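1. Structure, please.
(2 chains)
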Amino acid sequence: MVDDNFERLLDSARSGEEAAWTSLYRELAPQVRGYLRARGAMEPDDLLAEVFLQVVRDLGSFSGGRKEFCAWVFTIAHHRLLDDVRRARRRPSEPAPEEVLEDHLPPMDAEEEALRSLATDRVQALVAGLSMDQRTVLLLRIVGDLSIEQVARVSGKTPGAVKALQRRGLAAVKRLISDREMSPEGVSP
Amino acid sequence: MSNTRRGFTLEDLRSQPWLGDEDLDAFVHDVKDAYIVQIDPETESRHIRLIVDEVRVVWSPSEARASWLRASWLRASWQSRRLRLAFQLATVMALGTVFAGGLAVAATGPNENANENALAAVAGAGEPISTGARAGFVGTLLDYITNSTAEGCDFGQGVATIASQGQGGNAAACSQSDDGAVTAGEDTPKGSRATGEAHSAGRAGGTGAQGGPTTQGGTATAEERSGGRLGGRSDEDHASTAGDHASDSGQGDGAQGSRARGEEHSQGAGGKPTEDPAADVRKGPPADL
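-> The predicted structure is shown next:
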């Protein structure tokens, strides 16, 4: 998206046009929800809605282009996620039974579901092997497509610290992949 | 597993250090595939509805009126506690200044100015007073009497003091005995008739005040009597009978030949007012103002 177009889109959103908000949502919601899911949010869809409602409330104070907007939305998402984690610690909830969850899941092709599940399991295993800070930095870099500086702004760290965390995180991923290939079971779910 | 990182610029590798590394490339693609998925239409429409509702609330007209606060620098200023306190303090001081100004304007209202003007005119009236000056004097005095907010003795004393100063009289000479008898002044011209106004002024202002305004041989006119009555308000508490006054007038040098009418003294609380108001115009020519 060209930055001029994005400026116009933001102006339309500020004037309350539904189409502009739909466009912004469609552009950013998948990445934001992906980040929330990868970070282990209990209800990523609900949290996603909260993030966008906060965007609506605070859009008047935002200034910048597309990249800044993206980083700003991820900052809100990051803070919401931390709030959610704290809330979950204070009030732990019982997970819903499998049968109830299956009733609410959208229908999916069995083969596609199996492949996706396999890939997701593999990725989740690799991500779980990282420290919390490494996970945050790598997921913001990969899922959020943010630069080092933007990740530093979102996570409240210096760019140098983010670079170091990224380097150590990628090294850890390579080590985990090597370990998996060396082990006879492959990826453990 | 190969680890070739050729074909990428240094900038590419700096921004995406996993480029060219097959393992890391695969990991990045897997992460994106696993987590970045399209939102299902039902969830999306639900979220869009929520957003639109929130937009209606947040960007309502009342919120738009406060849009000036959305300017980032102004918002930051307002969020600063110190600046907010300074703004509130300045507002309170401005309101205080306006209030004090209002009080000052109210204290110098037109009524007070009118009184001051009347008193100044009375003080400026010289002796002997001319016919024209007398008319001005009475008019000014009436204005003061009508507009003044002073009451009781304060009112009468204020008039008497200024009148005596302006006409060479002596306010202290306003001899009001305990029984309220008023002594006629020496300045009263011979043959003049002590009018209500003159006597009232005399009662209030002393001997010096009453003689001047009285025209020789004059009879109290309605205006004079009216002025006398009004002017004599301050003496309401002082007893002054017609007989007393007649006696006083007769004894005074200036009151010789004059005829004190009962009405002229009717304002005295202890006086005996004449029942017939026409009685005081029986004799003598009308006073010329």
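
2. From now on I want contacts and neighbour counts done on CA atoms only, so please keep to that.
-> OK.

3. what's the nearest residue to the residue in chain B positioned nearest to chain A if we skip its chain neighbours?
-> In chain B, the residue found nearest to chain A is B:Tyr35; the distance is 4.3 Å by C-alpha to the nearest C-alpha. Spatial nearest neighbour of B:Tyr35, excluding adjacent residues (C-alpha to C-alpha, 6 or more residues apart in numbering or on different chains): A:Gly34 at 4.3 Å.

4. if I pick the one you found, what's in contact with it?
-> A:143, B:35-37 (C-alpha atoms under 8 Å, 6 or more residues apart in numbering or on different chains).

5. Swap in 7 Å and give it another go.
-> Residues in contact with A:Gly34, defined by C-alpha atoms under 7 Å, 6 or more residues apart in numbering or on different chains, are A:143, B:35-36.

6. Same check on A:Arg153?
-> By C-alpha under 7 Å, 6+ apart, A:Arg153 lies in contact with nothing.

7. List the buried residues in the helix or strand hosting A:Glu111.
-> Assigning secondary structure by DSSP states H and E places A:Glu111 in helix A:110-128. Residues A:119-127 are the ones in helix A:110-128 that count as buried (16 or more other C-alpha atoms under 10 Å in any protein chain shown).

8. Confidence-wise, which of these comes last?
-> Among those, A:Ala119 has the lowest pLDDT, at 74.

9. helices and strands of chain A: which one has the lowest mean pLDDT?
-> Least confident helix or strand, chain A: helix A:98-104 with a mean of 58, by mean pLDDT, DSSP states H and E.

10. hmm, back to that, out of the buried residues of helix A:110-128, which comes closest to chain B?
-> Among the buried residues of helix A:110-128, A:Thr120 lies closest to chain B (C-alpha to the nearest C-alpha), at 5.1 Å.

11. which ones are touching that closest one?
-> A:Thr120 neighbours (C-alpha under 7 Å, 6+ apart): B:Ala34.

12. ok, back up a step: what sits against the residue of chain B closest to chain A?
-> Each residue near B:Tyr35 by C-alpha under 7 Å, 6+ apart is listed here: A:34, A:37-38.

13. repeat that with 10 Å
-> Counting by C-alpha atoms under 10 Å, 6 or more residues apart in numbering or on different chains, B:Tyr35 makes contact with A:30-38, A:120, A:123-124, A:139, A:143.

14. Save the residues you listed as JSON lines, and put in secondary structure and distance to B:His47 too.
-> Below are the contacts of B:Tyr35 laid out as JSON lines (DSSP: H, G, I helix; E, B strand; the rest coil; distance: C-alpha to C-alpha, whole Å):
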{"residue": "A:Pro30", "secondary structure": "helix", "distance to B:His47": "13"}
{"residue": "A:Gln31", "secondary structure": "helix", "distance to B:His47": "15"}
{"residue": "A:Val32", "secondary structure": "helix", "distance to B:His47": "13"}
{"residue": "A:Arg33", "secondary structure": "helix", "distance to B:His47": "12"}
{"residue": "A:Gly34", "secondary structure": "helix", "distance to B:His47": "16"}
{"residue": "A:Tyr35", "secondary structure": "helix", "distance to B:His47": "17"}
{"residue": "A:Leu36", "secondary structure": "helix", "distance to B:His47": "16"}
{"residue": "A:Arg37", "secondary structure": "helix", "distance to B:His47": "17"}
{"residue": "A:Ala38", "secondary structure": "helix", "distance to B:His47": "20"}
{"residue": "A:Thr120", "secondary structure": "helix", "distance to B:His47": "25"}
{"residue": "A:Val123", "secondary structure": "helix", "distance to B:His47": "28"}
{"residue": "A:Gln124", "secondary structure": "helix", "distance to B:His47": "27"}
{"residue": "A:Leu139", "secondary structure": "helix", "distance to B:His47": "24"}
{"residue": "A:Val143", "secondary structure": "coil", "distance to B:His47": "21"}
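
15. quick one, helices of chain A?
-> For chain A, the helices defined by DSSP state H cover A:3-14, A:18-38, A:44-58, A:66-90, A:98-104, A:110-128, A:132-142, A:148-155, A:159-182.

16. ok, now the stretch 1-150 of chain B?
-> B:10-15, B:22-35, B:41-58, B:61-65, B:72-79, B:81-107, B:110-124, B:131-147 (DSSP state H, counting those that start in this stretch).
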